[in-house]
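Undergrad: kindly return the folded structure for what I paste below:
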Amino acid sequence: MPKKEIPFDEAMLQLENIVRQLEQGDVPLENAIELYQKGMELSKLCSEKLQSAEKQLVSYIGDNTEKEGNINE
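TA: All right, here's what the predicted structure looks like:
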């Protein structure tokens, strides 16, 4: 079954919660490992979403720059 796509904001909130739990230091080792793994997955997801958004913005800015260049000629 495919994983449900998590919105960026929710992924960040979950990641912040995991970091808080791990920083407290009172999590049993097995749970800490699971939290760490989940945190790494969320970190990767957030990074991919940010990279995708950056590419979209660069593409959008590039497209608009080209259009404006053609208008000014």
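
Undergrad: for residue 49, give me the pLDDT.
TA: Listed pLDDT for residue 49 reads 95.

Undergrad: how near is it to residue 37?
TA: Between residue 49 and residue 37 the computed distance is 19 Å (CB to CB, to the nearest Å). No exception for glycine: its C-beta is placed from N, CA and C like everyone else's.

Undergrad: how about the strands in this structure?
TA: With DSSP state E as the definition, the chain shows no strands.

Undergrad: where in the chain is pLDDT low?
TA: 1-3, 68-73 (pLDDT under 70).

Undergrad: run the last query once more with 50
TA: 1-2 (pLDDT under 50).

Undergrad: for the residue nearest to the spatial centre of it, give its distance to residue 37.
TA: Nearest to the geometric centre of the chain sits residue 46, at 1.0 Å (CA atoms, centre = their mean). Between residue 46 and residue 37 the computed distance is 15 Å (CB to CB).

Undergrad: what do you get for residue 51?
TA: 21 Å.

Undergrad: who has more neighbours, residue 49 and residue 37?
TA: residue 49 (16 against 11; other CB atoms under 10 Å).

Undergrad: what's near enough to touch the more buried one?
TA: 8, 11 (CB atoms under 8 Å, 6 or more residues apart in numbering).

Undergrad: give me that answer again for 7 Å
TA: Contacts for residue 49 (CB atoms under 7 Å, 6 or more residues apart in numbering) come out as residue 8.

Undergrad: distance of it relative to residue 58?
TA: The gap separating residue 49 from residue 58 is 15 Å, by CB to CB.

Undergrad: again with residue 33
TA: Distance from residue 33 to residue 58, counting by CB to CB: 38 Å.

Undergrad: what of residue 65?
TA: 10 Å.

Undergrad: with residue 12 instead?
TA: 22 Å.

Undergrad: also residue 52?
TA: Counting by CB to CB, the gap from residue 52 to residue 58 is 11 Å.

Undergrad: same deal with residue 25?
TA: Distance from residue 25 to residue 58, by CB to CB: 41 Å.

Undergrad: for this protein, longest helix please?
TA: The longest helix of the chain (DSSP state H) is helix 29-72.
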